[in-house]
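Provided below for reference: sequence and predicted model.
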Amino acid sequence: MCGIVGYIGTREAFPIIINGLKRLEYRGYDSAGVAISNNGQMGIYKIKGKVSQLEDAVKKTDIMGTIGIGHTRWATHGAPNDINAHPHKSMNGKFVVVHNGIIENYSVLKKRLTARHYTFVSQTDTEVLANLIEYIYLFAKISAEDAVRFALSKVQGAYGIAVICTDEPDKIIAARKSSPLVLGIGVDEYFVASDATPFVEYTNQVVYLDNDTLAVISRNGLSIKTIKNVPVTPEITEINFDFDEIEKGGFPDFMLKEIYEQPHSITDTLRGRVYMQENEINIGGLLDVMPRLMNARRMIIVGCGTSWHAGLLGEYLFEEYARIPVEVEYASEFRYRNPIINSEDVVIAISQSGETADTLAAIQLAKKCGACVLGICNVVGSSIARETHAGVYTHAGPEIGVASTKAFTAQVSVLAMIALMVGRAKYNIKPVQYHQLLNELTDVPKKVEEVLTTADKIKHVAELYKDSPNFIYLGRGCYYPIALEGALKLKEISYIHAEGYPAAEMKHGPIALIDDKMPVVVIAAKDKSYEKIVNNIQEVKARKGIVIAVVTKGDTIISQMADYVLEVPEFETAIGAMITVIPLQLLSYYIAVMRGCNVDQPRNLAKSVTVE
Ligand code: F6R
């Protein structure tokens, strides 16, 4: 949450920082600000609202300077307003700071600084940090770098920061603990940002800053040290980035583009891993841990939100094919219990961003208990990808819309590959059946493509029910996680209250909600519980509920009962079941657009949840 960009070089910094912040708005978008240093003068421009509003507000101002830092905010401490927007200046104007994270002991620090006559203009924890750095700098008469380092040793919590000192204006000091920061190395220029997207058109040479490290970038170079002042040799990574991936490519929103990208993103996720001719799955990143996977006593899947829903489908797949007992845990709950984990357990952490604070903490706990920890991440080089023993990237490409869509189907594809690979290695699956299952998996992109052609029908249903204040989503077995995901998509982007339930649980309470105004979305594609779901639909109809059913193409039974059917192509197993999420993604998308909501940047949300 919150995005940071910093630039030092030979070009004008302001446009680079503004464009960079726009690419980071998925991390937060309630206020934006930029500080530019020019010949010892520091100009700070900040505003409540989006980066484009900041850009408009300063249109007539001549902003010059080749060094600067910027921020796009998701508020934690203090309401979104002009004053709480970053950058924050220290009381005597010596330091300017942008910050992503939370300083947990900020109130204690604030009290101490107040006792030393420091005053504060904002409600933020970041201003406390700026003042702490300044206080130490002035009191101890040390360099800006040492003052930052010393201040950070007094701080509890999470931070990714970029700092400029007005006495040493030719450098940016950046540091991180639990919030991501990436450095970009160009020719006579350097960048720092929360991810690499702000500077991909300038350089493909990046350094992922490790936890508890501090970097100083100037026009002449880069130095990295640990917070304890031990020099670190920068490890430069070359990134491959397709620029089109971060543009809308003719779609009105990133979310729609990302829904439509799924045939490709799933194919990319399977590519080089599923070998039909050899009847084999080969995931390089898991070779070393295969014995631990095969001998796992138990699997624990951790994640948040949509990634947790993917984990629930993973449970189904692992139990079915790998025959390993699975528990699926919200990372935020798991990390604060005292879970019983040992070295025979395998923990799989799922995260699109690879930066979710709770998931990261769950991994650290599992590692401490001796479990083998795998990561399924989309963002290459992310904290979770680097923190796990082994892992698999989803290769879905950058997901910019805040609501997760293509990441979900890519995560399920990876879980399916691992479950099948382990199941086959344990001889639970015979070669012929394995071949059929691989076929089903590699057919998913084609079937997703087919569902996407039914968008007009889905749009029609959206038009009819866009004003409903409530929705219920029902599914059984592997469709239950899909029901949860459908409900989450709807509520987060359209602000309609929606509940996902296992269909059979309806009788234990939620059925009381059903009347002739309640749309009930039922995932009812053919599988072994088909008859049961038909009964559940009857129960909804008997209470006059409006049934919108996702059915297998050509279904004649449910078509006669339901008010509307959304068809998906036929599939055989839970692997193919992931395609049933596509109509639900589109339904939410169209409803939200028809209600005038900003689907890419829904209120109160941010994509990368780096605070717990
Ligand atoms: C919902 C959504 C969130 C994320 C959750 C976890 O559409 O995007 O629920 O799934 O915040 O994020 P990651 O996967 O980045 O750990």
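Noted; the coordinates are in hand. Residues are numbered from 1 along each chain as shown.

now do the closest residue to the ligand within the chain: how many residues are near it, please.
As assessed by CB to the nearest ligand atom, the ligand sits closest to residue 305 within the chain, at 1.8 Å. Using the backbone N, CA and C atoms, a C-beta is placed for each residue, glycine as well. By the criterion of other CB atoms under 10 Å, residue 305 has 21 neighbours.

I'd like the numbering to begin with 48 instead of 1 from here.
Okay, residue one is now 48; in that scheme the one you just asked about reads as residue 352.

test my guess that it contacts residue 536.
No - between residue 352 and residue 536 no contact is recorded; they are 10.5 Å apart, counting by CB atoms under 8 Å.

for residue 193, what are its contacts?
Taking CB atoms under 8 Å, 6 or more residues apart in numbering as the definition of contact, the neighbours of residue 193 are residue 187.

after the strand or helix carrying it, which helix or strand is next? Please name it.
Assigned by DSSP states H and E, residue 193 belongs to helix 191-200. Scanning forward in sequence from helix 191-200, with DSSP H and E defining helices and strands, the next element found is strand 204-212.

buried stuff in the helix holding residue 193?
When burial is assessed from 16 or more other CB atoms under 10 Å, helix 191-200 yields the following buried residues: 191-192, 194-199.

quick check: the two most widely separated of those?
The widest separation within the buried residues of helix 191-200, taken as CB to CB, falls between 191 and 199 and amounts to 12.6 Å.

identify the residues contacting the residue sitting nearest the centre point of the chain.
Averaging the C-alpha coordinates of the chain gives a centre point, and the residue nearest to it by CA atoms, centre = their mean is residue 400 (3.7 Å). When the contact criterion is CB under 8 Å, 6+ apart, the partners of residue 400 are 424-426, 429, 654-656.

any idea how far the top helix by length along the chain is from the chain center?
Taking DSSP state H as the criterion, the chain has its longest helix at helix 478-499. With CA atoms, centre = their mean, to the nearest Å as the basis, helix 478-499 stands 27 Å off its chain's centre.

same question for stretch 83-100.
Relative to its parent chain, stretch 83-100 has a centroid offset of 28 Å by CA atoms, centre = their mean.

ok, residue 207 - contacts?
Residues touching residue 207, when contacts are defined by CB under 8 Å, 6+ apart, comprise 51, 146-148, 221-224, 226-228, 241, 657.

one more pass at 6 Å, please.
Residues in contact with residue 207, defined by CB atoms under 6 Å, 6 or more residues apart in numbering, are 51, 147-148, 223, 226, 228.

so what's it closest to, chain neighbours aside?
Closest residue to residue 207 in three dimensions, ignoring its sequence neighbours and counting by CB to CB, 6 or more residues apart in numbering: residue 226, at 3.4 Å.

how near is the one you found to residue 75?
To residue 75, residue 226 is 12 Å away according to CB to CB, to the nearest Å.

residue 309 too?
When CB to CB is the yardstick, residue 309 and residue 75 sit 26 Å from each other.

go on, residue 488?
In this structure, residue 488 and residue 75 are separated by 36 Å, where distance is defined by CB to CB.

the more surrounded of these two?
For the pair residue 488 and residue 75, the greater number of neighbours falls to residue 75 (27 against 23), based on other CB under 10 Å.

now that one: closest residue in space that isn't a chain neighbour?
Setting aside the residues directly before and after it, residue 75 is nearest to residue 121 in space (CB to CB, 6+ apart), at 2.7 Å.

my guess is the one you found contacts residue 76. True?
No - under the contact definition of CB atoms under 6 Å, residue 121 does not touch residue 76, with a separation of 7.4 Å.

give me the more crowded residue out of these two.
Between residue 121 and residue 76, residue 76 has the larger neighbour count (other CB under 10 Å), namely 30 against 24.

doesn't the more buried one belong to a strand?
No - read with DSSP: H, G, I helix; E, B strand; the rest coil, residue 76 is coil and lies in no strand.

which residues of the stretch 248-397 of the chain lie near the ligand?
Taking CB under 6 Å from any ligand atom, the part of the stretch 248-397 of the chain that reaches the ligand is made up of 351-354.

from those residues, which two are the most distant?
351 and 353 (8.2 Å).

who touches both of these two?
Where contact means CB under 6 Å, 6+ apart, no residue is in contact with each of residue 351 and residue 353.

quick one on the thing from earlier: and the longest helix of the chain, what's its mean pLDDT?
Averaging pLDDT along helix 478-499 gives 97.

cool, and stretch 606-616?
Across stretch 606-616, the per-residue pLDDT values average to 97.

and that stretch, C-alpha only, in CSV?
This file holds the C-alpha atoms of stretch 606-616, laid out as CSV (Å, rounded to 0.1, in the frame of the first residue of the first chain):
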residue,chain,number,x,y,z
SER,A,606,-32.4,-23.9,-18.0
GLN,A,607,-36.0,-24.6,-17.3
MET,A,608,-35.8,-23.7,-13.6
ALA,A,609,-33.4,-20.7,-13.6
ASP,A,610,-34.4,-17.2,-14.5
TYR,A,611,-31.1,-16.8,-16.5
VAL,A,612,-28.4,-19.2,-17.4
LEU,A,613,-24.8,-18.3,-18.3
GLU,A,614,-23.3,-21.1,-20.2
VAL,A,615,-19.7,-22.5,-20.0
PRO,A,616,-18.2,-25.2,-22.1
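
can you get me a residue count around the residue nearest to residue 265 when sequence neighbours are not counted?
Once its chain neighbours are removed from consideration, residue 265 has its nearest residue in residue 218; the separation is 4.3 Å (CB to CB, 6+ apart). When neighbours are defined as other CB under 10 Å, residue 218 has 22 of them.
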